[in-house]
Structure formats: structure tokens, C-alpha cells
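Participant: have a look; sequence and predicted model below, questions after that.
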Amino acid sequence: LRQEHLLREAVLRQSFVLHYQPQVKVEGGQLHGFEALVRWQHPGQGLVGPDEFVALAESRGLITPIGRWVLREACRQLKAWHDAGLPRVPVAVNLSAIEFRQRDVVADIARVLHECDLPAQYLEVEITESALMQQVEQTRETLDGLQALGVAVAVDDFGTGYSSLAYLKRYPLNKIKVDRSFVADTPGDSDDVAIVTAVVQLARSLQLQSVAEGVETPEQLALLRRLGCDLAQGYGIARPMDATQAEQWLRALP
Ligand code: G
Ligand code: G
Ligand code: MN
Ligand code: NA
């Protein structure tokens, strides 16, 4: 109850901060873009990660204002980097199922892009597989709207939901993110190697980009290279970092 009170206050004061985790090209290792990850600047506990407050925010009707702050802040930061003459890379923002299912989500995103004067090609959204499985007609409309706007869509946590694969064909999507639970025990665990292999091949067959999450070791990266996975993200490449550190990654780009 106290956390809920503090979270409401945080929403009013916008006491959040975004960290950015690099996504690199598996072939060559160059920076591709960032995933924006929200943290709560908690009055007593320091920076608190989303695992500790997103569920509470969702159940208390607070995820929409938080999500809107995240979207606006990511676009504002990206525009600031553009204006500073830094290399232009995309930033991916996570949308919770609740945000994704709002009727006006596409209009909201379009408005933020317009207000920030940011071309849509620099924003991506990540939506979990389970969110995509609900309300098929509305989901399709929203995805069509995002596609028309030019915002790419990644399926987050791929393979962890209960879903048929049919939706991958029916919906306009751009990327599949192989869940880190499948990457963690590669290359030692042959079952996980088989799963990651299959997902990367599936993505390629459907002309979707593949992104491996949770890459922690050089051996995992070597496997992904053999499989032809497009992008990689994980502690072994870089941890999520604040905007100042992320900017150093941009400055280091050729
Ligand atoms: O940042 P961290 O590694 O703790 O992220 C944990 C989970 O929280 C991830 O599954 C991620 O998708 C989710 N998450 C991170 N940032 C956001 C956000 O801005 N909005 C939503 N809805 N989820 C987020
Ligand atoms: O949206 P998603 O849940 O996929 O967000 C990524 C989450 O995974 C963030 O909480 C991030 O801090 C975390 N993460 C990123 N890289 C790694 C990694 O290599 N290992 C582990 N265990 N977690 C990671
Ligand atoms: Mn994500
Ligand atoms: Na994920």
C-alpha cells in the first residue's frame, strides 16, 4: 500500500529515468540501436527496476501514464542526440499489453513523434507475444497503424507465451526477440541450441530480423554468428546504462 502511494507520487513527479541497453550487429559487433528500460527513482531504495513495479503499475492504472512518460522521454533523448550531430540509431520502447490495447495508442505515438520532431523510423516498439495473442482484430488494426506510421514492431520474449505461430504470418511485424531463457544455457545445452536455431531460421524464413537477448558469453555470440542471427543484446555486450554512457557509444561509432 505504501509502494502504491509512492508510485502514484512518482507518476505525478515523473520520478523515472531511462537506461539504454545497446543492441549490436552479430556480424561485426557494431552498435545497431538501444532498448530503453525504465527505472523508478525511489525515495528510499534508489533506482528500482521494472520487475519491481510494472506489475503494480499495471494493476493500479498507472502503467499508461508511466508508459507515456517513457515514450516521450525516449523520443526527446533521441532528438537531442540527433540535434547534437550524433549518429542516428533507433531506440526500442517496451509497450505493456495494457498500453498496446488502448484504442488511441497509434495516435498517441504519432503525436509524441510529431511533438518531438522525430522521424518514426528511429522509434521501435516491443510487444510481448502474449499481448499480441489477445483481441486479434484490434491487434491487427494497431499493428497496421504502426506500420503505416513507420514504427517497427518487435515481438518481445518470443517463445515464452502460449501461442500458435500463425500470428507471425498474419500480422505485420519486423523483429523477433529470442527470449533470454533460451539463450542462457547455450551452447552447452543442445535442446536450447535447437530452439535458438529454429527461432533464428523461422525469423529468416518470414523475413523478420532476429535479436538474441541475454547474451552473456563469447561462446553464445559465436553460436549466434554461426546461426546468422542479426542482432544481439546482453550483459556480455553491455549492461543497460544511463543516457550519458549511451552517448559515449554513439560517439564511438565510425
Ligand atoms: O530493465 P530490466 O532488465 O529490469 O527489465 C525487466 C522487464 O521490464 C523487461 O521485461 C522489460 O520488457 C520490462 N520493461 C522495461 N522497461 C519498460 C517500460 O518502459 N515499460 C514496460 N511496460 N515494461 C518495461
Ligand atoms: O524487455 P525485456 O524483458 O527483454 O528487457 C530486458 C531485460 O533483461 C532487462 O531487465 C535487462 O536488464 C535484462 N537483461 C539484459 N541483458 C541481460 C543479460 O545478459 N542477462 C540477464 N540475466 N538479464 C539481462
Ligand atoms: Mn524488451
Ligand atoms: Na524480452
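Facilitator: Ah, there it is. Residues are numbered from 1 along each chain as shown. Ligands and ions are numbered 1, 2, ... in the order given.
Participant: near ligand 3, which residues of the stretch 101-250 of the chain show up?
Facilitator: Neighbours of ligand 3 within the stretch 101-250 of the chain, by C-beta under 5 Å from the ion: 126, 156. For every residue, glycine as well, the C-beta is placed using N, CA and C.
Participant: how about the helices of the stretch 101-250 of the chain, start to end?
Facilitator: Assigned by DSSP state H, counting those that start in this stretch, the helices in the stretch 101-250 of the chain fall at 105-116, 129-132, 136-149, 166-170, 180-183, 190-205, 218-227, 243-252.
Participant: how about TSV for those, with mean neighbour count added?
Facilitator: Shown next, in TSV, are the helices of the stretch 101-250 of the chain (neighbours: other C-beta atoms under 10 Å):
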stretch	mean neighbour count
helix 105-116	17
helix 129-132	20
helix 136-149	16
helix 166-170	13
helix 180-183	20
helix 190-205	17
helix 218-227	17
helix 243-252	14
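Participant: mean pLDDT for those helices: which is lowest?
Facilitator: Among those, helix 166-170 carries the lowest mean pLDDT, a mean of 86.
Participant: residues in contact with that helix?
Facilitator: With contacts defined as C-beta atoms under 8 Å, 6 or more residues apart in numbering, helix 166-170 is touched by 132-133, 136, 140, 155, 176, 202, 206, 208.
Participant: closest to ligand 3 out of these?
Facilitator: V155 (9.9 Å; C-beta to the ion).
Participant: doesn't H19 lie inside a strand?
Facilitator: Yes: assigned with DSSP: H, G, I helix; E, B strand; the rest coil, H19 falls within a strand.
Participant: hang on, it packs against P240?
Facilitator: Yes: counting by C-beta atoms under 8 Å, P240 is a contact partner of H19 at 3.9 Å.
Participant: any shared contact partners between the two?
Facilitator: Joint contacts of H19 and P240 (C-beta under 8 Å, 6+ apart) are L37.
Participant: for the helices of the stretch 101-250 of the chain, which one sits closest to ligand 2?
Facilitator: Closest to ligand 2 of the helices of the stretch 101-250 of the chain is helix 180-183 (C-beta to the nearest ligand atom; 5.6 Å).
Participant: for this structure, what lies in contact range of ligand 4?
Facilitator: 156-157.
Participant: top strand in the chain by residue count?
Facilitator: Ranked by residue count, the top strand of the chain under DSSP state E comes out as strand 31-42.
Participant: what strands line up against the helix or strand following that strand, and which way round?
Facilitator: The first helix or strand that comes after strand 31-42 along the chain, using DSSP states H and E, is strand 46-48. The pairing partners recorded for strand 46-48 under DSSP bridges are strand 31-42 (antiparallel).
Participant: next, the angle helix 243-252 makes with the partner strand.
Facilitator: Relative orientation of strand 31-42 versus helix 243-252 (axes from the mean of the first three to the mean of the last three C-alpha atoms, to 10 degrees): 170 degrees.
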